[in-house]
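Chemist: Structure for this input, please:
(chains A, B, C and D)
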Number of protein chains: 2
Amino acid sequence: MKEANRTLLSKRQTLSEKVFNELKEAIIKGDLPQGCKITEDEIAKQYGISRGPLREAIRELEGLRLLDRKPRAGVRVVTLTHTMMEEIYTVREALEGMSARLAATRMSESEINELQQLLISHQNTIDQSQGKEYFQREGDLDFHFRIAQASNNQWLMDLLSSELYQLLRMCRHRSSQTPERPVRALQEHQQITEAIANHDPELAELLMRRHISGAWKIVKTLLEKEEDKA
Amino acid sequence: MKEANRTLLSKRQTLSEKVFNELKEAIIKGDLPQGCKITEDEIAKQYGISRGPLREAIRELEGLRLLDRKPRAGVRVVTLTHTMMEEIYTVREALEGMSARLAATRMSESEINELQQLLISHQNTIDQSQGKEYFQREGDLDFHFRIAQASNNQWLMDLLSSELYQLLRMCRHRSSQTPERPVRALQEHQQITEAIANHDPELAELLMRRHISGAWKIVKTLLEKEEDKA
DNA sequence: TAAGCAAATATTGTCAACAATAAGAATTTA
DNA sequence: TAAATTCTTATTGTTGACAATATTTGCTTA
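Modeler: Numbers count the residues shown, from 1 in each chain, chains lettered A, B, ... in the order given. Model (predicted):
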């Protein structure tokens, strides 16, 4: 087949994939607020497609736990309750701890070098952009993502990056952080990296777990403040 | 609405749910062998439904990682490779370790008692039914499942019971176990239970992790033998 | 006025047909 | 004979209509 009409074939992506991605973004960014009801007809029209592909996309989003199907009440955008966040951080602690352990065993010298470079660039970001939380947050996730990759375990990577991290990003669009946290977090990232560089799996795991349970304590108090206001 | 024609309403279950469950069983039991191509038309006719609901079921099964969608080659039943099993056991070690830790913190005396009863009944099963591996295996999973429940963490439970355990069952339909393993496994279950009964989270986690990585070593050698044969 | 019922409406579940694409077979050409 | 090319067939993607089911609205009656 000729490579002609490639303009139309920009639908290498299937419709349901496309709407899957767009819905995912919309949910994470909060354009579709938490608890919001999903009405198939409405969304389908909005994206200019029929309900078939949309329903498949919805099924996938359910799999990622971004949508929630109640027995006889249709589907809604998931609501991040306090207990749910706690559960997520607990699972995250277990998975990322293991992730760090594996990374310490497997990472090559050059990969470790890249990781250290990353931390330096984060250092710079903090020095320069006191207030720009956004970048610091993405930076934080970036670090964790690289460790997950370095674990070289497809399952770990998938669980973390396609399920947990999305929900974390979603949560972050709501609550703001304390200003001194980034500095502290960076220090901890450095410690973890050092343990990995020394190929010390036990320590890497231990530090990562502390890092995450520490992060949860902070998020927790922030959430509690918000809950008090409401 | 009257509770009349309940005969027809036995479809409280939707078609796609039904075919989802049936397909799941078929995959786990091996009726649909690993790597087997799924042709929508074929399966749809087989179950007497149209392709719409089936496609949704397929999307869900993908989410559970029982089906695998290759870019432009349709979907196939997942193939449990050696490395995939290793990855699963690693994730399992992390999650169940955490699970045991939480259980040690949270389990009530009466729940602990039930757990101990369960072990006694497993003891009896082993004494009586030397060769009946099947029950011993289901018993094993049963133990792990209860710990997951006791963690009281919905996410942990879901990840373990609706994703990992299914794949384990699927794997077990292939490889047979060494005869002395059940006895050893039961001993380890007893140790774990003891740590939980003493509300010792650290120890419970440690023992559970050993238990699982030990199990992996055995499965691993079994898989290697099989691979040699082939 | 509140509780219960009935009709009207909205929403989800299901189907069958059509369109687009990929896989396979048959044919030609070097 | 092997590589390339077209034609054919299978398979997946998409749609709009219909059926089954919930939800709401407005009415009746106590």
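Chemist: Touching the lowest-mean-pLDDT helix or strand in chain A from outside, list them.
Modeler: Scoring the helices and strands of chain A by mean pLDDT, DSSP states H and E places helix A:133-150 at the bottom, with a mean of 86. Contacts to helix A:133-150, defined as Cβ atoms under 8 Å, 6 or more residues apart in numbering or on different chains, come from residues A:96, A:99-100, A:102-103, A:106-107, A:111, A:114-115, A:118-119, A:121-122, A:125-126, A:129, A:156-157, A:160-161, A:165, A:168-169, A:172, A:176-177, A:182, A:185, A:189, A:192, A:196, A:208. To be clear about C-beta, it is placed using only N, CA and C from the backbone, and glycine gets the same treatment.
Chemist: filter those to the buried ones?
Modeler: A:96, A:99-100, A:102-103, A:107, A:115, A:118-119, A:122, A:125-126, A:156-157, A:160, A:165, A:168, A:172, A:177, A:182, A:185, A:189, A:192, A:196, A:208 (16 or more other Cβ atoms under 10 Å in any protein chain shown).
Chemist: for the least confident helix or strand of chain A, the distance to its chain's centre please.
Modeler: Averaged C-alpha coordinates place helix A:133-150 at 9 Å from its chain's average position (Cα atoms, centre = their mean, to the nearest Å).
Chemist: Stretch A:203-220 now?
Modeler: Here stretch A:203-220 is found 16 Å from its chain centre; the criterion is Cα atoms, centre = their mean.
Chemist: List the ones among the contacts of helix A:133-150 that fall in helices.
Modeler: Filtering the contacts of helix A:133-150 for membership in helices, criterion DSSP state H, returns A:96, A:99-100, A:102-103, A:106, A:111, A:114-115, A:118-119, A:121-122, A:125-126, A:156-157, A:165, A:168-169, A:172, A:182, A:185, A:189, A:192, A:196, A:208.
Chemist: Which of the residues in the least confident helix or strand of chain A are classified as buried?
Modeler: Buried residues in helix A:133-150, counting neighbours by 16+ other Cβ under 10 Å, are found at A:136-137, A:139-140, A:143-150.
Chemist: is it true that residue A:112 touches residue A:195?
Modeler: No - between residue A:112 and residue A:195 no contact is recorded; they are 10.9 Å apart, counting by Cβ atoms under 8 Å.
Chemist: Name the residue in those two with the higher neighbour count.
Modeler: residue A:195 (22 against 19; other Cβ atoms under 10 Å in any protein chain shown).
Chemist: do you know how far the more buried one is from chain B?
Modeler: 17 Å (Cβ to the nearest Cβ, to the nearest Å).
Chemist: That residue reaches residue A:207, doesn't it?
Modeler: Yes - applying Cβ under 8 Å, one finds residue A:195 in contact with residue A:207, separated by 5.8 Å.
Chemist: Residue numbers of chain A in contact with chain B?
Modeler: A:52, A:55-56, A:59-60, A:62-64, A:84, A:87-88, A:90-91, A:93-95, A:97-98, A:102, A:153-156, A:159 (Cβ under 8 Å from any Cβ of the partner chain).
Chemist: who's in contact with the residue in chain A that DNA strand D sits nearest to?
Modeler: In chain A, no residue comes nearer to DNA strand D than residue A:52, which is 2.2 Å away by Cβ to the nearest atom of the strand. Residues near residue A:52 by Cβ under 8 Å, 6+ apart: A:16, B:52.
Chemist: So for the most centrally placed residue in chain A, what's the pLDDT?
Modeler: Against the mean C-alpha coordinate of chain A, by Cα atoms, centre = their mean, the closest residue is residue A:165 at 1.7 Å. If you check residue A:165, the pLDDT there is 95.
Chemist: Quick one: residues contacting it.
Modeler: Applying Cβ under 8 Å, 6+ apart, one finds that residue A:165 lies in contact with A:141, A:144-145.
Chemist: Ok, residue A:204 next?
Modeler: Applying Cβ under 8 Å, 6+ apart, we find residue A:204 in contact with A:100-101, A:103-104, A:192, A:195-196.
Chemist: can you name the two of the residues you listed that are farthest apart?
Modeler: Of all pairs drawn from the contacts of residue A:204, the greatest distance, 10.9 Å, lies between A:101 and A:192 (Cβ to Cβ).
Chemist: where does residue A:131 land on pLDDT?
Modeler: Residue A:131 is assigned a pLDDT of 54 by the prediction.
Chemist: Ignore what I typed, I meant residue A:174.
Modeler: Residue-level pLDDT assigned to residue A:174 equals 65.
Chemist: In ChimeraX, how would I select the buried members of the residues of chain A next to chain B?
Modeler: Selecting just the buried residues from the residues of chain A next to chain B in ChimeraX takes one command, with 16+ other Cβ under 10 Å as the test:
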select /A:52,55,56,59,60,62,63,64,84,87,88,90,91,93,94,95,97,98,102,153,155,156,159
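Chemist: Now, the residues of chain A next to chain B that are in helices?
Modeler: Judged by DSSP H, the residues of chain A next to chain B include A:52, A:55-56, A:59-60, A:62-63, A:84, A:87-88, A:90-91, A:93-95, A:97-98, A:102, A:154-156 as members of helices.
Chemist: Can you narrow these down to the ones near DNA strand C?
Modeler: Residues shared between those and the neighbourhood of DNA strand C are A:52, A:55 [Cβ under 7 Å from any atom of the strand].
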